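> Compute the structure for the input listed below.
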Amino acid sequence: MSFDTVSVLGLGYIGLPTAAAFAGRKVHVIGVDINSRAVETINQGNIHIVEPDLDIAVRSAVTQGYLRATIKPEPADAFLIAVPTPFKADHEPDLACVEAATRSIAAVLKRGDLVVLESTSPVGTTEFVAEILAKERPDLSFPQQRGEASDVRIAHCPERVLPGHVMRELTQNDRVIGGMTPRCAERAVELYRIFTAGNCLVTDCRTAEMCKLTENSFRDTNIAFANELSIICERLNINVWELIRLANHHPRVNILTPGPGVGGHCIAVDPWFLVHSAPAEARLIKTAREVNDGKPHLIIDKVLNLAKSQVNPVIACFGLAFKADIDDLRESPAVEITAALAATGVGRVIAVEPYVQALPAALQQKGVELASIEVALNSASIVVGLVDHRSFRELDRTLLQGKSVIDSRGMWVARRESDSNAA
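You can find the predicted model right below:
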């Protein structure tokens, strides 16, 4: 049975590129999103997010009639749920978006359909989706009821892409595909083979869910080591950037780069799903999260200490995105730092973020100004490097002279001559 029509629920940083990837293979795609403005933008052949090459793919898909966006689900052969899975104030997973998306497709499901949960989720969420659908559609059978004989197949296939490289990695990366039954997984493999050149690694849905959480927890723990090193080095008056450069010459050492914390919808969130599921066992994972969550507060304190010695300080925060050269502000420690500084009333706070046209409401309400690099440098007495965008890395260092500089990303740190010979 072929997939003539695919529906993607959630047209954000993962859903829209995925929809474009299917449409690029001449599959009719119905994209669904509750954001009517995003739907309108996409139907005009434009995009509402920043991702290299995505604009070309969407424009082509819409123009050729293979991609259409709507706010309400319609019948399809496969449904991909790619909605946010944040956590609540106490780090409890918030599955409200997943539940809403699941209920929204129940009415249009038919025998032979495939439902894939792409959203990174706590272990057991795919089965949660299946239970919701079973209650909503008692006329259909589901894997937990009929096994391989079920009317509807259900699987989990988490995304594994890097913002800024999504279109390439969607097609080239291996995919972990976990089915509620072997046949569910097999059907999902058939779907992803439409555009995936990488390997499709088959497992059960719970292992697939755990795999994505494991990958991001591994990365978070390694970042926490680098961030903790930077804290120790500051206490001991050691240049952490030089230290890491030297240590990484060991053939089995690869320490990551410290930063102002960890952001994004994945690494800053997913480890908490594991901690919530097994709080007594996930001790290292929890500690890593606490180290990374605590890093912004250390930077805030450093800025405030500098500002105390200045009259009418002007603070320029360079970067708001959670990583370099993208527009994604989700869970960004740079936003947290900027907002916290403005809330103290310590002085005028300027944000420099070349990838956004307007500041988030939370920053606007606190009086933060959005400015260009030139305007910020002309005004600032304190410069805080928070995101290593290319335009910031290439900044003429002489423009920083006479200013107090806090460089959380090591963009502007003076290097020894020997660095030019480093591997």
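
> CA only for contacts and neighbour counts going forward, please
OK.

> Which secondary structure state is assigned to residue 398?
Secondary structure, DSSP: H, G, I helix; E, B strand; the rest coil: residue 398 is helix.

> Distance of it relative to residue 165?
32 Å (CA to CA, to the nearest Å).

> quick one, which of the two is more surrounded?
residue 165 (13 against 7; other CA atoms under 10 Å).

> neighbours of residue 271, just the number please.
28.

> got it, and residue 305?
11.

> Next: residue 235.
9.

> Assumed residue 40 was part of a helix.
Yes - applying three-state DSSP, one finds residue 40 inside a helix.

> In space, what's closest to it - neighbours in sequence excluded?
residue 69 (7.6 Å; CA to CA, 6 or more residues apart in numbering).

> show me what contacts that neighbour?
Shown in contact with residue 69 (CA atoms under 8 Å, 6 or more residues apart in numbering): 30-33, 39-40, 42-43.

> Mind doing that once more with 10 Å?
Taking CA atoms under 10 Å, 6 or more residues apart in numbering, we find residue 69 in contact with 7-9, 11, 16, 19, 29-33, 36, 38-44, 62.

> Next: residue 24.
18, 57-58, 60-62, 64, 66-67, 194-195.

> Let me see the confidence value for it.
If you check residue 24, the pLDDT there is 97.

> Roughly how far does it sit from residue 63?
Distance, residue 24 to residue 63, using CA to CA: 11 Å.

> Common neighbours of these two, please.
residue 57.

> one step back: remind me which helix or strand the residue nearest to residue 40 belongs to.
For residue 69, the host element (DSSP states H and E) is strand 67-70.

> next structured bit after the helix or strand where residue 271 lies?
Using DSSP H and E, the element containing residue 271 is helix 270-277. Reading on from helix 270-277 to the C-terminus, the next helix or strand found by DSSP H and E is helix 283-308.

> Report all helices and strands that the helix or strand following that following helix contacts.
Moving toward the C-terminus from helix 283-308, the next helix or strand (DSSP H and E) is strand 314-318. Using 3 or more CA pairs under 10 Å, 6 or more residues apart in numbering; DSSP states H and E as the contact test, the elements touching strand 314-318 are helix 283-308, helix 333-344, strand 348-352, strand 369-370, helix 373-379, strand 382-385, strand 404-407.

> average pLDDT across strand 314-318?
Here the average pLDDT along strand 314-318 is 98.

> in its sheet, what does it sit against?
strand 348-352 (parallel), strand 382-385 (parallel) (DSSP bridges).

> how far off helix 283-308 does that strand point, in degrees?
Interaxial angle, strand 314-318 versus helix 283-308 (axes from the mean of the first three to the mean of the last three CA atoms, to 10 degrees): 150 degrees.

> Tell me the gap between strand 314-318 and the middle of its chain.
Distance, stretch centre to chain centre, for strand 314-318: 25 Å (CA atoms, centre = their mean, to the nearest Å).

> returning to that earlier point: buried subset of the contacts of residue 69?
The neighbour count (16 or more other CA atoms under 10 Å) marks 7-9, 11, 16, 19, 29-33, 38-40, 42-43, 62 as buried among the contacts of residue 69.

> Of those, which belong to helices?
16, 19, 38-40, 42-43, 62 (DSSP state H).

> which two in the residues you listed are spaced the farthest apart?
Spanning the widest gap among these are 19 and 40, at 15.5 Å by CA to CA.

> Can you give me the neighbour number for residue 162?
11.

> tell me the SS of the residue nearest to it when sequence neighbours are not counted?
Excluding the flanking residues, the one nearest residue 162 by CA to CA, 6+ apart is residue 169, at 7.2 Å. Of the three states, residue 169 takes helix according to three-state DSSP.
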